[in-house]
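> Coordinates only, no sequence provided:
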C-alpha cells in the first residue's frame with residue numbers, strides 16, 4: 001500500500017487595509033500573512049492588499065467586494081481563503097457560504113501554526129487551551145440545527161439541553177481539565193526556575209518580533225541546536241542555556257517565542273507563562289530584523305507587548321538592541337547602520353549593536369555590552385587567596401569578572417582584582433568569610 005501525502009492546498013490571501021494605514025505597513029502585513037501561510041505548507045495562489053472603508057458586521061467585506069472575491073476564488077480554484085484580520089463567528093460563516101471555500105482568519109492561522117510548532121508538554125497544553133477557547137465561540141458555525149437532546153426516559157421526559165449547550169459543556173470540562181494539567185506543569189517549571197536562580201547566574205533573554213533571527217543568534221552564542229528557520233514562530237518553547245561572557249562570567253540565556261502584531265488574545269493569556277523568562281531577566285536583548293522595511297513598526301509592536309508584560313525599559317530592565325541581519329543589507333546600507341548605531345543617544349535609550357547571526361558580525365561587541373549592563377551595579381574587590389582558598393577562588397572565577405590575577409611563586413598566594421555583583425559578593429563573604437582578612441575594596 002502506497003502512503004500518499006495529502007495534496008497541498010492553495011490559498012487566496014487577503015490583507016485588509018484600513019483608511020489611514022501606511023502603505024509600507026500594509027505591504028509588510030501582506031508579506032507576513034504570506035509567511036504565515038507558508039508555515040502551514042499552503043500554496044499561495046494570490047495575495048493582495050484589500051482596501052477597506054469600513055467593516056461590515058455580516059461579512060466583514062461589503063457585498064460587492066465579496067462577489068468579486070468569490071469570482072476570483074472560482075478562477076483560481078483555491079480551497080482556502082485567508083483573511084488577515086480577526087473575524088467574528090458570523091462573518092466567518094457567511095464568508096464560507098458565499099465564497100464556497102474554507103475561510104481562516106488571523107487568529108485561526110496563528111493557532112494552527114502554534115499547534116504544529118509546540119514541542120514541550122506545557123506548550124502543547126497551552127495551544128490546546130487556546131484552541132478550545134477559540135472554538136467555543138464558534139460552535140454556532142458547526143451546529144446550525146438546534147434540536148434538543150431528550151432528557152430522562154419515556155415520552156414524558158423533559159426537553160433536555162440543546163446540542164450547542166452539550167458541546168459547550170463538554171468544551172468547558174475539557175478546558176477545566178487542561179487548566180489543572182497546566183497548573184501542574186507550571187509548578188514544575190517554577191521549581192526549575194528556583195533551581196536556576198539558586199545557581200545563581202544572571203539571566204539574559206532574547207526578545208523580538210517573530211523571524212527576527214533570535215534562534216540563530218541564540219545558537220551562535222550558546223552552541224545550542226534550537227530550530228532556526230526562515231519562518232514565523234520557528235520557536236515556541238523557551239530554551240535556556242549557559243553562556244560564558246568574555247570576562248569568564250557565566251549567564252543563563254533564554255530564547256523566547258517571537259512577538260507578532262495583533263497576537264490573538266487567547267494566545268496572550270495562554271503563553272504568558274512562557275514569557276516569565278522575559279519578565280525575570282536581568283538583561284533583554286531586543287533582536288531586530290533591520291532588513292525588514294517595517295523594522296520601526298516591528299519595534300513598536302515588541303515594545304507594546306513588553307509593556308503589557310511589565311517588562312522592558314519601563315520596568316527598569318537593561319535593554320540592548322541587536323540590529324540583526326546585517327548580512328542581508330547592501331554594503332553602503334550596512335555602513336550607514338553602523339554609523340547610526342554609534343550616534344549619541346539619550347540616557348534612557350538602549351545601546352544598539354549591528355549584528356549578523358550568520359557571519360558573526362558584532363557578536364563580540366554585543367557580549368561586551370551584556371557584560372557592561374550586568375556590571376553596572378558590580379563592586380570591585382582586591383582579593384588574596386592562600387593555598388587553602390582554592391574553592392573561594394573558583395567561586396570568583398565562576399561568578400565574577402577577573403580584571404587581573406597574579407600568583408606569588410614563593411608563597412603560592414594569588415592576588416585577584418575582580419568585579420562581582422552585590423549579591424555574589426555577599427555570597428562570597430557568607431560562604432568563605434572575609435578570606436582570613438585578606439579581602440579589600442578595590443580603588
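Right, received. Where do you want to start? Source: prediction; values computed, not measured.
> Residue 364 reaches residue 220, doesn't it?
No. When contacts are counted by C-beta atoms under 8 Å, residue 364 is not listed as touching residue 220 (11.5 Å). C-betas here are computed from N, CA, C, even on glycine.
> which one of the two has more residues nearby?
The neighbour comparison of residue 364 against residue 220 (other C-beta atoms under 10 Å) goes to residue 220, with 18 against 11.
> what's that one in contact with, if anything?
Contact analysis of residue 220 by C-beta atoms under 8 Å, 6 or more residues apart in numbering lists 357, 360, 363.
> What is the neighbour count of the last one?
Translated: residue 363. The tally of other residues near residue 363 (other C-beta under 10 Å) stands at 17.
> list the contacts for residue 285?
Applying C-beta under 8 Å, 6+ apart, the residues near residue 285 are 204, 205, 206, 207, 217, 320, 321, 322, 366, 370.
> Next, format the residues you listed as TSV and append neighbour count and distance to residue 121.
Formatted as TSV, these follow (neighbours: other C-beta atoms under 10 Å; distance: C-beta to C-beta, whole Å):
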residue	neighbour count	distance to residue 121
204	24	25
205	26	22
206	27	23
207	28	23
217	26	26
320	19	32
321	23	34
322	29	31
366	23	33
370	26	31
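> I'd like the average pLDDT over the strand or helix carrying residue 14.
Secondary structure from DSSP states H and E places residue 14 in strand 10-17. Strand 10-17 shows a mean pLDDT of 92.
> Identify the residues contacting stretch 240-247?
Around stretch 240-247, the neighbours that count as contacts under C-beta under 8 Å, 6+ apart are 196, 201, 204, 218, 221-224, 250-254, 277, 364, 367-368, 370-371, 374, 400-402, 419.
> Name the residues of that stretch that are buried.
Within stretch 240-247, the residues scored as buried using 16 or more other C-beta atoms under 10 Å are 240, 241, 243, 245, 247.
> The first one belongs to a strand, doesn't it?
Same thing as residue 240. Yes. Assessed by DSSP: H, G, I helix; E, B strand; the rest coil, residue 240 belongs to a strand.
> Kindly provide the distance from it to residue 341.
Going from residue 240 to residue 341 by C-beta to C-beta, to the nearest Å gives 28 Å.
> Repeat that for the last one.
Here the criterion is C-beta to C-beta. By it, residue 247 lies 23 Å from residue 341.
> What of residue 42?
Separation of residue 42 from residue 341 (C-beta to C-beta): 38 Å.
> So for those two, which sits in the more crowded spot?
Using other C-beta under 10 Å as the criterion, residue 42 and residue 341 rank with residue 42 on top: 22 against 18.
> which regions of the stretch 301-443 of the chain lie under the pLDDT threshold?
For the stretch 301-443 of the chain, applying pLDDT under 70 flags the ranges 434-443.
> switch to 50 and redo it
436-443 (pLDDT under 50).
> In helices, which of the contacts of stretch 240-247 appear?
Among those, the ones falling in helices (DSSP state H) are 196, 218, 221, 222, 277, 364, 367, 368, 370, 371, 374.
> Restricted to buried residues, select those in PyMOL.
Filtering these down to the buried ones (16+ other C-beta under 10 Å) takes a single PyMOL command:
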select buried, resi 196+218+221+222+277+367+370+371+374
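> Which members of the ones in helices among the contacts of stretch 240-247 define the maximum pairwise distance?
Based on C-beta to C-beta, the longest span within these runs between 196 and 364 and measures 25.8 Å.
> Can you show me the helices along the stretch 251-400 of the chain?
265-270, 276-280, 295-309, 331-341, 363-374, 390-399 (DSSP state H, counting those that start in this stretch).
> any idea whether residue 78 is helix, strand or coil?
Per three-state DSSP, residue 78 ends up coil.
> any idea how far it is from residue 44?
Plainly put, residue 78 is 9 Å away from residue 44 if you go by C-beta to C-beta.
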